[in-house]
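> coords please:
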Amino acid sequence: MNDLVTILLPTYNGERYILQMLDSVYAQDYRPIEVILSDDASADRTLAKVNGWLKGKNKDDFLFKVIRNKTNRGLSGNISYAAKYVHGKYLFLADQDDIWKRNKVSVQVDYLKRNTDCEMCVCDRSAVDRSGKIICKSLMRYEHRDLRKRSYTDVLNNEICYSANAICLITKHMDQIFPIPEEICEHDTFIAIMAAHFGKIGYIKEALVLYRVYNGNLSCNYAMETNGNLIKLGYVIVKRLRRKNWKETKDPVIIREVLSNRFNENHVKFSSKIYAGSVDHIYLAAFQYILNNFSKWKRFM
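The predicted model follows:
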């Protein structure tokens, strides 16, 4: 008998792609699964589509819980609130506009069972466009990621990708990893830092997520590679730099406070590889960023 897996799926105005995501979760070759879908006060038809899709889907080995927030909690607040309902031995975080490979859950659970020194693992991802067409087979290769296992010290001293939609986490220490502070910018990095107290972070070279990249993404990732309009590109880069400034100024302060409260760790120092400092003169920096990365414009590998 397999251990129960929980998939936590936060949604907000996600009606366009949510059914594709739900179909890919339901098609997983692993059971039993519980899905906790927490909607953050969507103003569109996300919940109507979810409820329509759900008819006939709740079974003994596929349990589905829908939470509807009356007011918007923000992404981190939404995840933290929904985490209270997790029952599985393993926790997966999902994005509303992605598609999962059929073996995503089984491969990541198997990895953690075989690598008992790991508390969390992260899989590779393929980038897809709005229509679901693959535009980059391996984001880990594209970004030249070092895929060795990471200890707590490594996590504090290296900028590494911990994308939430690629994470599988053992839930044994949930009470010390969660909640995520609502003001945090990069909730996935926060989770990785907390989890690394209890074990290493491992990497799976197989791309198990089809990660949809477009201007509507909160992170604005891969804007240079996927945006064909220079004016829109400039807008997205400015948005990305503003988000970077939020991360650089707030996240280290928040995380240090949490480390002090939860683990009695004081005066923790982060490498400049993680938090390099905020950007002055954002519009000038955006122009310079575009010039420096022009070779990437509309060119994915």
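> and D95, its phi and psi?
Phi and psi for D95, reported as degrees, to the nearest 10, are phi -110, psi 150.
> all helices of the stretch 201-301 of the chain, in order?
223-226, 230-263, 282-292 (DSSP state H, counting those that start in this stretch).
> can I get the ones you listed in JSON lines with mean pLDDT and mean neighbour count?
To be clear about C-beta, it is placed using only N, CA and C from the backbone, and glycine gets the same treatment. Below are the helices of the stretch 201-301 of the chain laid out as JSON lines (pLDDT from 0 to 100; neighbours: other CB atoms under 10 Å):
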{"stretch": "helix 223-226", "mean pLDDT": "80", "mean neighbour count": "22"}
{"stretch": "helix 230-263", "mean pLDDT": "91", "mean neighbour count": "16"}
{"stretch": "helix 282-292", "mean pLDDT": "88", "mean neighbour count": "14"}
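> for the chain, what helix or strand is lowest in average pLDDT?
helix 223-226 (a mean of 80; mean pLDDT, DSSP states H and E).
> quick one: distance of that one to the chain centre.
19 Å (CA atoms, centre = their mean, to the nearest Å).
> what of stretch 116-128?
11 Å.
> ditto for stretch 52-64
Mean-position distance between stretch 52-64 and its chain equals 24 Å (CA atoms, centre = their mean).
> quick one: buried residues of that stretch?
Residues of stretch 52-64 classed as buried: L63, F64 (neighbour count, 16 or more other CB atoms under 10 Å).
> circling back to that earlier point, remind me what the least confident helix or strand of the chain packs against, helices and strands.
strand 134-136, helix 230-263 (3 or more CB pairs under 8 Å, 6 or more residues apart in numbering; DSSP states H and E).
> need the contact partners of that helix.
The contact list for helix 223-226 (CB atoms under 8 Å, 6 or more residues apart in numbering) reads 127, 129, 135-136, 213-215, 233, 236-237, 240, 290, 293, 296-300.
> make it 6 Å
For helix 223-226, the surrounding residues in contact (CB atoms under 6 Å, 6 or more residues apart in numbering) are V213, V236, I237, N293, K296, W297, F300.
> tally of neighbours for the last one?
As a burial measure, the neighbour count of F300 was computed by other CB atoms under 10 Å and equals 17.
> show me the contacts for it.
I135, C136, E225.
> can you give me the pLDDT of it?
On pLDDT, F300 comes in at 73.
> what's the distance between it and Y111?
27 Å (CB to CB, to the nearest Å).
> so how far is stretch 82-90 off the chain centroid?
16 Å.
> now the strand ranked longest in the chain: mean pLDDT?
Taking DSSP state E as the assignment, the strand of the chain that covers the most residues is strand 200-212. The average pLDDT within strand 200-212 is 96.
> may I see the buried residues of it?
Those would be K200, I201, G202, Y203, I204, A207, L208, V209, L210, Y211, R212, for strand 200-212 by 16+ other CB under 10 Å.
> burial count for S24?
18.
> quick check: closest non-adjacent residue to it.
Leaving out its chain neighbours, the residue that sits closest to S24 by CB to CB, 6 or more residues apart in numbering is W100, at 4.2 Å.
> am I right that that neighbour is in contact with Y26?
No. Assessed by CB atoms under 6 Å, W100 is found out of contact with Y26, at 10.0 Å.
> these two: who's more crowded?
Using other CB under 10 Å, the more surrounded residue of W100 and Y26 is W100, with 24 against 15.
> and that one, how far is that from V107?
Per CB to CB, W100 is found 11 Å from V107.
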